[in-house]
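Colleague: generate a structure from the sequence data that follows.
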Amino acid sequence: MSHVFVLFCFCWRSLIGVFGESVSVMEGDSVTLNTDLTEIHTHEDILWYFGPKMDLVAKIFSTYDVPDGRFRDRLKLDRQTGSLTITNTTIEHAGPYKVETEGVKYSSKMFSVSVYARLPVPNITRDCTSSSSSSSQQNCSLLCSVLNVRHVTLSWYKGNSLLSSISVSDLSISLSLPLEVEYQDKNSYSCVINNPIRNQTTHLNITQLCHTCSGGSVSLIVLSSAAGSLLIVAAVMMCCICWTHRKTDQEVQTCEDTITFAVMLHYPTSFERNAHKSKREEDVHVVYAPVTIREDDLKPLLVSDPAVSSSSPGISRHNFRF
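Modeller: Numbering: from 1, shown residues only. Sure, this is the predicted structure:
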């Protein structure tokens, strides 16, 4: 049995040496990689390597930088233990590290460093896009969202019970998770974003967020405003047209009056005569009726006044009907 335990310990140490010790750090914080040494003996060298190519970054008692300069002014070596500290970490400092101890005996140790971006605070909003569903009258649709995250899990909790979750490893521009609750629900809900070392929580306020979506009302108001604006424009155009026509008619009448006045000034007698003539033509209205004269009544006139018959050749007996 003891042989099995010794073999297990040996295998575990070998696995750690191959895959490395996992270390997590939040972006901007410092992280220390320990050598597990209590002190550095005489004639011992401590060497630190980084990356797939295992570039040398530190050696007792000196520090170096890789060609791209990512470790500039960020590395510190402990003079007693040889442990390496990385300050003000960024995503670029994530990856494999290796420490080697050379002296009386040789030893090495691997590290796998993960650097996580700082977590944003989850944002809970009312999801009005689902307001047309049949359940929207009884339930309130919500959406919990975060932006620009990686290696995180977004979750909804009811009290301490997990309701739903979604995880991403690569960079996600927008990550969201829906939830539906009843308007009268009195339970406690929260949206949580977390990574292996940190979390951020936002608690749901149902009373504040779960009110009737105003999208339809806003649309109705916009349409009403647009219709009202069109009516106002149409009314203004009609007024302009009517005003233009009225002005044109007034100009024509004024022109006619001006011409008439000019004619009166230039031909006053002719104008007055024509005016009187027109007046007489309008006033005189003659009614003609047939007249029957007997020959016995006409004879005394012709005999008594021969001048009439001679001076008026147009008058003859043929002009009368008997």
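Colleague: contacts for the host helix or strand of Leu154 next, please.
Modeller: Using DSSP states H and E, the element containing Leu154 is strand 152-158. The contact list for strand 152-158, computed with C-beta atoms under 8 Å, 6 or more residues apart in numbering, reads 119, 122, 144, 146, 162-168, 175-177, 179, 187-195. Any C-beta I mention is one placed from the backbone N, CA and C, and that applies to glycine too.
Colleague: 6 Å - rerun?
Modeller: Applying C-beta atoms under 6 Å, 6 or more residues apart in numbering, the set of residues contacting strand 152-158 from outside is 162-167, 175, 177, 179, 187, 189-195.
Colleague: helix or strand next in line after that strand, which one?
Modeller: Where DSSP H and E defines the elements, the next helix or strand beyond strand 152-158 is strand 161-168.
Colleague: now stretch 183-192: buried residues?
Modeller: 189-192 (16 or more other C-beta atoms under 10 Å).
Colleague: mark which of these are part of strands, please.
Modeller: 189-192 (DSSP state E).
Colleague: show the buried residues in the contacts of strand 152-158.
Modeller: For those, buried by 16+ other C-beta under 10 Å: 175, 177, 179, 189-195.
Colleague: between these, which sits nearest Leu231?
Modeller: When the buried ones among the contacts of strand 152-158 are compared for distance to Leu231 (C-beta to C-beta), Leu179 comes out closest, at 44.0 Å.
Colleague: then stretch 178-193 to CSV, C-alphas only?
Modeller: Only the C-alpha atoms of stretch 178-193 are listed here, as CSV (Å, rounded to 0.1, in the frame of the first residue of the first chain):
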residue,chain,number,x,y,z
PRO,A,178,-33.3,36.7,-20.2
LEU,A,179,-35.6,36.2,-17.3
GLU,A,180,-39.4,36.3,-16.9
VAL,A,181,-41.1,37.1,-13.5
GLU,A,182,-44.6,37.8,-12.5
TYR,A,183,-45.5,41.4,-11.8
GLN,A,184,-46.6,40.6,-8.3
ASP,A,185,-43.6,38.4,-7.5
LYS,A,186,-42.1,39.2,-4.1
ASN,A,187,-39.0,36.9,-4.4
SER,A,188,-35.5,38.2,-4.5
TYR,A,189,-33.7,38.0,-7.8
SER,A,190,-30.1,38.9,-8.8
CYS,A,191,-27.9,38.8,-11.8
VAL,A,192,-24.3,37.7,-11.2
ILE,A,193,-21.2,37.7,-13.4
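Colleague: give me the mean pLDDT for it.
Modeller: Rounded to a whole number, the mean pLDDT of stretch 178-193 is 93.
Colleague: excluding its own residues, what touches it? List them.
Modeller: Contacts for stretch 178-193 (C-beta under 6 Å, 6+ apart): 119, 122, 124, 139-144, 146, 152, 154-159, 199-204, 210.
Colleague: write the PyMOL selection for whichever of those are buried.
Modeller: Buried residues among the contacts of stretch 178-193 (16+ other C-beta under 10 Å), as a PyMOL selection:
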select buried, resi 119+122+124+139+140+141+142+143+144+146+152+154+155+156+157+158+200+202+204+210
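Colleague: just the ones in strands from the contacts of stretch 178-193, please.
Modeller: The strands, defined by DSSP E, take in 124, 139-144, 146, 152, 154-158, 199-203 from these.
Colleague: which stretches in this protein count as helices?
Modeller: Using DSSP state H, the helices of the chain run over 2-19, 206-209, 215-266, 268-283, 295-304, 306-311.
Colleague: hang on, the earlier thing: ok, of the buried residues of stretch 183-192, which one's closest to Gly82?
Modeller: Val192 (39.5 Å).
Colleague: Glu102 against Ile46, yeah?
Modeller: No - shown here, Glu102 and Ile46 do not form a contact pair, counting by C-beta atoms under 6 Å, at 8.1 Å.
Colleague: neighbour-wise, which of those two wins?
Modeller: Ile46 (23 against 13; other C-beta atoms under 10 Å).
Colleague: how close does that one sit to Asn34?
Modeller: Using C-beta to C-beta, to the nearest Å, we find Ile46 at a distance of 12 Å from Asn34.
Colleague: kindly report the same for Val181.
Modeller: Distance from Val181 to Asn34, by C-beta to C-beta: 48 Å.
Colleague: please apply the same query to Leu230.
Modeller: Distance from Leu230 to Asn34, by C-beta to C-beta: 76 Å.
Colleague: show me which of these two is the more surrounded one.
Modeller: Neighbours were counted for Leu230 and for Asn34 using other C-beta under 10 Å; Asn34 has more, 16 against 10.
Colleague: in the stretch 101-250 of the chain, where is pLDDT below threshold?
Modeller: Low-confidence segments of the stretch 101-250 of the chain (pLDDT under 70): 130-137, 212-228, 245-250.
Colleague: at 50 what do you get?
Modeller: Scanning the stretch 101-250 of the chain for pLDDT under 50 picks out 215-222.
Colleague: domain parsing for this structure?
Modeller: Residue ranges for the domains of the chain, per automatic domain parsing: 16-116, 123-212, 216-274, 287-322.
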